[in-house]
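**Student:** I'd like to go over a predicted model; first the sequence, then the structure.
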Amino acid sequence: MLYRKIEADVSCFHERFQVLFQEIVVPQFSRDFHNPLGVRAARDPLPADARPDIFFQNVHDVDERMWVTQADGVQFLPLCFGVTQGYYVNLLRVRKSGVLSCHRHLGAVHAHVIKGRWFYMEHEEMYTEGSFIMEPPGEVHTLVVPGDVKEMITWFHSVAGYIYLDGDRITGYEDVFTKLAAARAHYEEHGLDQKQIDRLVR
């Protein structure tokens, strides 16, 4: 009898937790829309050998531990690792001012500034919230965050990678595989589930 009561209590708690979890974590949005032609969803939206979508409900509200430390005051939030095509997508967050790095791009980069502002020493433009930037392969530039910016967050889609430079001297490089390795090491150090990284690999 005691076992059955405990089992019932656990079941009741589980049901209540699921409801509470949905109320707190999963926002409920209306899917009502005008559909006079009766258009229906595709029957086979995903090919048999395709990988599923990657989806974050809100990238600005993730577990703080998911931000991977890159350097002092510099972190990135991995969003996608395109290992078969040599690209990666992430959010870069900088909470310090000064020179971040000088680097030469081996492939194209697309960026969108979400918060704060920054610039390249070699350019006249100031990249502010809402700015979009396409950086061509082969370009060398030095990223700087101004002294009055407390926090900068920018979305980056980087193809191929880039080489870190100190004058004419190569000091390092970055690509999808170094980013992926850094993310895995960070998750291991903080006891996070590696499956969360696996689902970002394409």
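**Tutor:** On my side now, so go ahead. Numbers count the residues shown, from 1 in each chain.

**Student:** next helix or strand past the worst-scoring helix or strand of the chain on mean pLDDT?
**Tutor:** Ranked by mean pLDDT, DSSP states H and E, the weakest helix or strand in the chain is helix 2-24, scoring a mean of 46. Sequence-wise, the next helix or strand downstream of helix 2-24 (DSSP states H and E) is strand 68-71.

**Student:** so what does that following strand touch, helix or strand wise?
**Tutor:** strand 74-82, helix 176-189 (3 or more Cβ pairs under 8 Å, 6 or more residues apart in numbering; DSSP states H and E). For glycine as for every other residue, the C-beta is placed from the backbone atoms N, C-alpha and C.

**Student:** Look at stretch 29-36 and report the distance between its end residues.
**Tutor:** Length of stretch 29-36, first residue to last, Cα to Cα, to the nearest Å: 21 Å.

**Student:** And for the residue lying closest to Gly82 once chain neighbours are set aside, the neighbour number?
**Tutor:** Take Gly82 and drop its neighbours on the chain: the residue closest to it by Cβ to Cβ, 6 or more residues apart in numbering is Arg202, 5.1 Å away. Around Arg202 sit 15 other residues, with neighbours defined as other Cβ atoms under 10 Å.

**Student:** One more: Ile133?
**Tutor:** By other Cβ under 10 Å, 16 other residues sit near Ile133.

**Student:** now do the one 4 residues further on
**Tutor:** In terms of burial, Pro137 registers 13 neighbours under the definition other Cβ under 10 Å.

**Student:** Checking my notes, it in a strand, right?
**Tutor:** No. Counting by DSSP: H, G, I helix; E, B strand; the rest coil, Pro137 is not part of a strand but coil.

**Student:** residues contacting it?
**Tutor:** 105-108, 159-160 (Cβ atoms under 8 Å, 6 or more residues apart in numbering).
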